[in-house]
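J.: Sequence and predicted structure below; questions after.
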Amino acid sequence: MSKKVKIGSCYIGGGEGVKVQSMTTFKPSDIDNTVNQIKLLENAGCDIVRFSILNEDDAKAIKIIKNHVNIPLVADIHFNYKLAISAIENGIDKIRINPGNIGSEDNVKAVADAVKAHNVAVRVGSNTGSIEKEFLSKYGKNEVSLVESALKNVAVLEKHGVNDIVISVKASDVKLMIKSYEYLASKTDYPLHLGVTEAGTEHDGIIKNSIGIGSLLSKGIGDTLRVSLSADPVKEIEAGVSILKALDMYDGFVRVVACPTCGRCEWDCMAFANKVNDLCKTAKTNLKVAVMGCVVNGPGEAMDADLGIAGGKDCAVIFKNGVISKKIKIEDIESEFIKELKNCLK
Ligand code: SF4
């Protein structure tokens with residue numbers, strides 16, 4: 001099991017449940033827009049949010065933003081060690097920084113001292129665009145150079161007494177990303193931040209992230225994730241939460257099972273499944289609901305759910321906890337089933 005690292009009010013690693021992250025798209029000094037976006041992300045299920053700190057105004061905004069949101073904040077900082085210290089002094093919960101790009105040993109020590117004094121966690125990581133030259137020339141661009149680059153940065157922090165570390169090794173090539181995290185997991189017990197970097201636009205990006213992040217999580221690798229998409233960050237959170245739900249790694253949600261429909265279906269099962277899905281979207285109850293198109297293959301799945309329906313030509317059957325609950329007319333599906341569903345969601 002990975003080491004447990006505290007990030008503000010939550011933990012990453014140590015079997016604490018995989019945390020979903022995203023990044024805001026505004027400069028933190030644009031406080032109103034940043035706070036509003038964080039609230040939207042929070043509502044969508046975001047556990048931890050990151051933003052880029054580009055100057056002192058951004059760093060100072062952290063203190064104000066913190067007072068308006070409930071989730072831990074991460075400052076993404078490159079090159080400027082003074083900004084890292086300022087972010088920490090202004091109350092950031094975690095910084096994303098690579099010791100290798102903040103200059104001299106003294107700069108690294110100053111950041112490490114601030115990190116320790118304020119109990120702040122650090123994420124270090126490499127991606128295919130930031131592999132250290134020595135590893136790139138020695139190994140080429142592969143999982144070894146990605147991992148060795150990240151671990152070199154970890155070693156620098158450890159040397160200065162920093163141990164609350166989260167590591168990432170991102171690639172936009174999904175197979176390389178998977179191999180890199182597998183290799184990293186074999187070499188460290190620090191918690192791992194999963195992500196496919198520059199995954200692309202919404203549809204293809206979600207697929208790439210789901211394959212990369214999902215296959216690692218299914219093997220027990222990974223403690224936090226960010227689905228990176230060229231899309232609204234709320235979409236990143238929705239996709240991250242869906243990945244966790246698909247792997248049964250999310251507590252308190254309604255799993256809606258629905259058939260794809262085929263020529264046997266004699267009612268608008270697809271529209272009804274979407275309606276059921278919408279009703280269940282924000283529910284925090286552990287429940288399995290099945291919406292099935294016909295009585296040929298439908299009952300098996302419907303019986304397997306806590307609440308299920310199998311539609312037919314003129315009538316439909318509602319199943320509860322594996323047994324037939326009632327037979328209803330097809331025109332009553334909506335009123336009858338939704339009533340049952342709402343009772344289950346209470
Ligand atoms: S449950 Fe029935 S309608 Fe749905 S896909 Fe299977 S056979 Fe077709």
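T.: That came in fine, so what should we check first?

J.: Show the model's pLDDT score for residue 122.
T.: Looking at residue 122, its pLDDT is 97.

J.: CA-only coordinates of the helix or strand it falls within in PDB, if you can.
T.: Element membership of residue 122 [criterion: DSSP states H and E] is strand 121-127. Output of strand 121-127 as PDB, limited to C-alpha atoms (Å, rounded to 0.1, in the frame of the first residue of the first chain):
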ATOM      1  CA  ALA A 121       2.700  18.300   0.500                       C
ATOM      2  CA  VAL A 122       4.600  18.400  -2.700                       C
ATOM      3  CA  ARG A 123       3.900  16.800  -6.100                       C
ATOM      4  CA  VAL A 124       6.900  16.200  -8.300                       C
ATOM      5  CA  GLY A 125       6.800  14.600 -11.600                       C
ATOM      6  CA  SER A 126       8.000  14.200 -15.100                       C
ATOM      7  CA  ASN A 127       6.300  14.100 -18.400                       C
END
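
J.: what residues does the helix or strand following that strand touch?
T.: Using DSSP H and E, the helix or strand that follows strand 121-127 in sequence is helix 133-139. Contacts to helix 133-139, defined as CB atoms under 8 Å, 6 or more residues apart in numbering, come from residues 144-145, 148-149, 152. Glycine gets a C-beta too; all of them are placed from N, C-alpha and C.

J.: Also stretch 20-33?
T.: Contacts for stretch 20-33 (CB under 8 Å, 6+ apart): 34, 37-38, 41, 45-55, 57-62, 64-65, 74, 76, 193, 224-228, 233-234, 236-237, 240-241, 244.

J.: Could you give the separation of that stretch from the chain centroid?
T.: 17 Å (CA atoms, centre = their mean, to the nearest Å).

J.: Same check on stretch 37-53?
T.: Distance, stretch centre to chain centre, for stretch 37-53: 11 Å (CA atoms, centre = their mean).

J.: Just the terminal-to-terminal distance for that stretch.
T.: Terminal residues of stretch 37-53 lie 16 Å apart, using CA to CA, to the nearest Å.

J.: neighbours of residue 276, just the number please.
T.: Neighbour count of residue 276, defined by other CB atoms under 10 Å: 21.

J.: Report the residue spans of this structure with pLDDT below the cut-off.
T.: By pLDDT under 70, the chain has no low-scoring segment.

J.: quick one, what contacts residue 230?
T.: So residue 230 contacts 200-202, 205 (CB under 8 Å, 6+ apart).

J.: what do you get for residue 55?
T.: By CB under 8 Å, 6+ apart, the residues touching residue 55 are 29, 83.

J.: same check, this time on residue 305
T.: 257, 288-290, 319.

J.: mind running it again at 6 Å?
T.: 288-290 (CB atoms under 6 Å, 6 or more residues apart in numbering).

J.: Just the buried ones from those residues?
T.: 289-290 (16 or more other CB atoms under 10 Å).

J.: now, among the contacts of residue 305, which is nearest to the ligand?
T.: Of all these, the one with the least separation from the ligand (CB to the nearest ligand atom) is residue 290, at 9.7 Å.

J.: how near is the closest one to residue 95?
T.: Computed as CB to CB, to the nearest Å, the residue 290 to residue 95 distance reads 45 Å.

J.: Need the contacts of helix 133-139 in JSON lines (columns: distance to residue 311, neighbour count and secondary structure).
T.: Listed next are the contacts of helix 133-139 as JSON lines, based on distance: CB to CB, whole Å; neighbours: other CB atoms under 10 Å; DSSP: H, G, I helix; E, B strand; the rest coil:
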{"residue": "144", "distance to residue 311": "55", "neighbour count": "16", "secondary structure": "helix"}
{"residue": "145", "distance to residue 311": "55", "neighbour count": "23", "secondary structure": "helix"}
{"residue": "148", "distance to residue 311": "57", "neighbour count": "21", "secondary structure": "helix"}
{"residue": "149", "distance to residue 311": "55", "neighbour count": "25", "secondary structure": "helix"}
{"residue": "152", "distance to residue 311": "60", "neighbour count": "17", "secondary structure": "helix"}
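
J.: The ligand contacts on the protein?
T.: Residues of the chain that fall close to the ligand, judged by CB under 6 Å from any ligand atom: 259-262, 264-265, 292-294, 296-298.

J.: what do you get if the cut-off is 8 Å, keeping everything else the same?
T.: Neighbours of the ligand within the chain, by CB under 8 Å from any ligand atom: 259-265, 269, 292-298, 301, 310.
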